[in-house]
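>>> Would you be able to build a 3D model of this:
(one chain, ligands or ions: 2)
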Amino acid sequence: MVETGIPKLDDFLGGGIPVGKSLVYYNQPGIEGEIFGLQTIYSNLKSGGTGVFVVSSTMPDLVKSQFKEFGWDIELYNDKLFFVDAYNPLIGAPSNEKYVVSQPDNIEGFNKIITDLIKELPPSTIVFGSLSTIMDLCGEKETIEAVKTWNKMAMLYDHVIIYNFTAWPYSQETLDLIKNDLFNAVISIGGIAERVIFGQYFGILKSDWTEETKKSMLFRVLRPGGIKLYIPKILVTGAFDAGKSTFVHALSTRAISVDRLGTTIALDHGHIDYKGFSADIFGTPGQERFDPIIKLLSGESMGVFLVVDSTNPADFVRAKHMLEITKAYGLPYIIVANKQDVSGALTPEEIKEQFNMPEDVTVVPVVAKDKIGVFEAFEVLIDKITGGT
Ligand SMILES: Nc1nc2c(ncn2[C@@H]2O[C@H](COP(=O)(O)OP(=O)(O)O)[C@@H](O)[C@H]2O)c(=O)[nH]1
Ligand SMILES: [Mg+2]
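Ligands and ions are numbered 1, 2, ... in the order given. I've put the predicted structure just below:
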């Protein structure tokens with residue numbers, strides 16, 4: 001198995017890409033899809049693999065500086081990472097790379113180099129930076145025939161072969177072949193748009209070594225950092241004084257208190273970058289008169305932390321009511337049993353009983369003021385939001 005290095009995608013694929021298989025990142029135009037190939041190759045280098053990057057739409061030096069932008073030091077892997085330069089010859093510039101396609105507008109030029117390196121190199125991860133550019137230069141039919149050959153050879157020589165493809169308006173036949181027939185797996189990368197693109201997602205369109213999966217994930221691209229799974233809104237709710245603000249701040253890698261509604265209440269807002277996830281967290285005010293606000297906020301949320309003061313069972317009734325407000329929207333949620341440091345605090349099991357909750361509800365013990373248990377709570381909720389592994 002070769003890991004894609006894209007958070008969650010390896011789980012979706014049952015661990016990664018088996019040796020000998022091909023995969024295409026199928027990008028909708030206008031989406032930052034090219035980074036998927038870069039992240040995959042870098043994560044392979046880091047785990048000791050050999051990588052080949054076929055550059056056809058820009059100068060190899062520019063690709064190298066892109067790696068740097070993401071904070072990925074490829075110079076450590078000079079003997080393990082090979083660039084195939086199919087760009088400089090096109091503009092008549094000299095090349096510094098070991099592998100050069102001297103006639104990038106002729107598929108035979110590619111064929112020679114690619115088949116040579118497939119035979120020469122130890123089992124590697126071969127990434128084509130832009131299959132679409134090769135098609136534009138060499139023709140759709142010609143390129144498709146070549147891809148068939150490369151995939152077959154990659155299988156024989158135990159490589160993993162990956163293509164970035166941008167779905168410009170090629171012939172329907174070409175697009176269908178790419179989506180359905182040419183590759184062992186197809187990862188679609190697209191945008192959620194309403195006049196402007198406000199979210200980007202990826203999901204598995206096809207994979208012949210895993211069960212069919214319809215899961216898709218929102219992502220954003222951080223520089224440095226690369227692809228992070230994006231959770232636009234997690235709600236933190238609970239009774240007054242339960243420790244919501246403390247929890248939001250404990251969880252946040254960046255925290256800001258937003259005074260959106262005047263001086264009477266402040267919404268806590270935090271941001272967390274953790275284990276490949278990037279999430280925005282919003283605290284709600286505890287008082288009953290703000291219940292409509294909670295309703296409003298939870299409508300757009302992807303999950304809920306219900307914070308309870310484990311020392312204050314009187315609060316549980318109120319907390320349960322708040323949960324009912326948010327649960328009306330069918331959101332994944334967990335209970336954060338806060339203030340576990342105080343003597344007499346109820347245990348998670350006791351809280352579950354007092355709440356009269358179904359068995360499958362998760363109650364996580366936390367001491368928000370000391371940041372104990374907060375990231376565990378985050379992981380549990382994220383797991384519920386993303387459907388587990
Ligand atoms: N002992 C203890 N006190 C806590 C903990 N978390 C928060 N507190 C305290 O509980 C009070 C209420 O916390 P706050 O975050 O403002 O609650 P909120 O009203 O739900 O936002 C504050 O005095 C906090 O210092 C904890 O884990 N242990
Ligand atoms: Mg507060």
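>>> what residues does stretch 225-232 touch?
Stretch 225-232 is contacted by residues 6-8, 35-36, 38-39, 42, 70-72, 199-200, 217-222, 273, 276-280, 300, 302-303, 382, 385-386 when judged by C-beta atoms under 8 Å, 6 or more residues apart in numbering. The C-beta positions use only the backbone N, C-alpha and C, and glycine is treated the same way.
>>> Now, those residues that are in helices?
Counted as lying in helices by DSSP state H, out of those, are 35-36, 38-39, 42, 382, 385.
>>> For those, which entry has the maximal number of neighbours?
Within the ones in helices among the contacts of stretch 225-232, neighbour counts (other C-beta atoms under 10 Å) peak at Phe36, which reaches 27 neighbours.
>>> Touching, that one and Ile187? I think so.
Yes. Here Phe36 reaches Ile187: they are 7.3 Å apart, a contact under C-beta atoms under 8 Å.
>>> which residues are in contact with both of those two?
By C-beta under 8 Å, 6+ apart, the residues touching both Phe36 and Ile187 are 25, 202.
>>> May I have the secondary structure class of Val307?
Secondary structure, DSSP: H, G, I helix; E, B strand; the rest coil: Val307 is strand.
>>> can you pull the contacts of Asp73?
For Asp73, the contacting residues are Phe67, by C-beta under 8 Å, 6+ apart.
>>> Setting aside sequence neighbours, what's the nearest residue to Thr58?
Tyr87 (6.1 Å; C-beta to C-beta, 6 or more residues apart in numbering).
>>> Who are the contact partners of that neighbour?
Contacts of Tyr87 (C-beta under 8 Å, 6+ apart): 55-60, 104.
>>> so which of the residues you listed is the most crowded?
Busiest of the contacts of Tyr87 [other C-beta under 10 Å] is Val55, holding 27 neighbours.
>>> Next to ligand 1, which bits of the stretch 251-389 of the chain? Give me the list.
286, 338-339, 341-342, 367-369 (C-beta under 6 Å from any ligand atom).
>>> Tell me the one among the residues you listed nearest to Cys138.
Ala368 (58.9 Å; C-beta to C-beta).
>>> Can you give the distance of the longest helix along the chain from its chain's centre?
Longest helix of the chain, by residue count under DSSP H: helix 140-156. On the basis of C-alpha atoms, centre = their mean, to the nearest Å, helix 140-156 sits 29 Å off its chain's mean C-alpha point.
>>> Please apply the same query to stretch 169-181.
26 Å.
>>> any idea of the mean pLDDT for it?
Across stretch 169-181, the average pLDDT comes to 96.
>>> got a list of contacts for it?
Taking C-beta under 8 Å, 6+ apart as the rule, stretch 169-181 contacts 24, 26, 132, 135, 140, 144, 165, 167, 186, 205-206.
>>> mind redoing it with 6 Å?
With contact meaning C-beta atoms under 6 Å, 6 or more residues apart in numbering, stretch 169-181 is reached by 140, 186.
>>> what is the orientation angle of the helix or strand hosting Glu108 with helix 140-156?
Here Glu108, judged by DSSP states H and E, is contained in helix 107-120. Angle, helix 107-120 to helix 140-156, by axes from the mean of the first three to the mean of the last three C-alpha atoms, to 10 degrees: 10 degrees.
>>> And helix 107-120, what does it pack against?
Contacts defined by 3 or more C-beta pairs under 6 Å, 6 or more residues apart in numbering; DSSP states H and E place helix 107-120 against helix 140-156.
>>> secondary structure class for the spatially most central residue of the chain?
Nearest to the mean C-alpha position of the chain, by C-alpha atoms, centre = their mean, lies Leu229 at 3.5 Å. Three-state call for Leu229 (three-state DSSP): strand.
>>> ok, it to Leu222 distance?
Per C-beta to C-beta, to the nearest Å, Leu229 is found 11 Å from Leu222.
>>> Take the ones in helices among the contacts of stretch 225-232 and write them to JSON lines, including distance to Thr253 and pLDDT.
Shown next, in JSON lines, are the ones in helices among the contacts of stretch 225-232 (distance: C-beta to C-beta, whole Å; pLDDT from 0 to 100):
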{"residue": "Ile35", "distance to Thr253": "21", "pLDDT": "95"}
{"residue": "Phe36", "distance to Thr253": "24", "pLDDT": "97"}
{"residue": "Leu38", "distance to Thr253": "24", "pLDDT": "96"}
{"residue": "Gln39", "distance to Thr253": "20", "pLDDT": "97"}
{"residue": "Tyr42", "distance to Thr253": "22", "pLDDT": "97"}
{"residue": "Ile382", "distance to Thr253": "15", "pLDDT": "92"}
{"residue": "Ile385", "distance to Thr253": "18", "pLDDT": "87"}
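>>> from the residues you listed, which is closest to ligand 1?
Ile382 (21.1 Å; C-beta to the nearest ligand atom).
>>> So what's the residue count around the residue nearest to the closest one when sequence neighbours are not counted?
What sits nearest to Ile382 in space, not counting adjacent residues and going by C-beta to C-beta, 6+ apart, is Phe277, at 5.9 Å. By the criterion of other C-beta under 10 Å, Phe277 has 20 neighbours.
>>> With that, I have no additional questions.
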